[in-house]
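S.K.: Can you look at this prediction? I've put the sequence above it.
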Amino acid sequence: MKKVMLTAVLASVGLMTVGNAAPAEDGAALYMKKCSICHGPNADKTPIKNMKPIAGMKAEKIARILKFYQDDERIGHGYSENMVNSTVFLSQKAIDKIASYVSSLK
Ligand code: HEC
């Protein structure tokens, strides 16, 4: 009986860990798939001149910018069509996950 209980506790701890870790991993996976080709795997590359790397930028700011691009409302640096195409299919949830992941990079 004791053994069964312990197994159950361990299993739920395992589940909790997975549950907590998932959002960050999702953000990383999404970033790798959707953004890294232009912004670099560590978000420290710049796709165009006169732009700062996006790593470490505030999450709210990134989310807001992505939403602007998505709605095709941002002119930015004159190359915003790249970003419109990269954000058009993202859900708000995906945007938030990517934003918090990128902001955690340095
Ligand atoms: C096809 C290449 C490409 C992809 C893919 C791409 N970007 Fe960009 N990104 C750009 C370019 C080019 C700009 C500058 C656009 C402009 O003129 O406003 C930019 C601008 C940005 C900016 C604004 C930076 C600033 O200082 O103004 C952010 C934030 C950003 N990208 C994040 C992302 C994220 C997050 C993703 C993944 C969802 C992504 N980008 C995917 C090329 C890309």
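M.R.: Ah, there it is.
S.K.: Contacts only, for Ile65.
M.R.: Neighbouring residues of Ile65 by CB atoms under 8 Å, 6 or more residues apart in numbering: Arg74. The C-beta positions use only the backbone N, C-alpha and C, and glycine is treated the same way.
S.K.: what about stretch 36-46, near the ligand?
M.R.: Yes. Under the criterion of CB under 6 Å from any ligand atom, the ligand is reached by stretch 36-46 at Ile37, Cys38, His39.
S.K.: Tell me the buried residues in stretch 58-69?
M.R.: The neighbour-count check on stretch 58-69 (16 or more other CB atoms under 10 Å) flags Ala59, Ile62, Ala63, Ile65, Leu66, Lys67, Phe68, Tyr69 as buried.
S.K.: Can you say which of these are also within reach of the ligand?
M.R.: Among the buried residues of stretch 58-69, the ligand is touched by Ile62, Ile65, Leu66 when using CB under 6 Å from any ligand atom.
S.K.: Reformat the residues you listed into JSON lines and put pLDDT and secondary structure next to each item.
M.R.: Shown next, in JSON lines, are those (pLDDT from 0 to 100; DSSP: H, G, I helix; E, B strand; the rest coil):
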{"residue": "Ile62", "pLDDT": "97", "secondary structure": "helix"}
{"residue": "Ile65", "pLDDT": "95", "secondary structure": "helix"}
{"residue": "Leu66", "pLDDT": "96", "secondary structure": "helix"}
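S.K.: For the buried residues of stretch 58-69, give me TSV that also has distance to Asp96.
M.R.: Output for these, formatted as TSV (distance: CB to CB, whole Å):
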residue	distance to Asp96
Ala59	8
Ile62	9
Ala63	6
Ile65	13
Leu66	9
Lys67	10
Phe68	15
Tyr69	15
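S.K.: isn't Asp72 right up against Val84?
M.R.: Yes. The pair Asp72 / Val84 is scored as a contact, 5.2 Å apart, by CB atoms under 8 Å.
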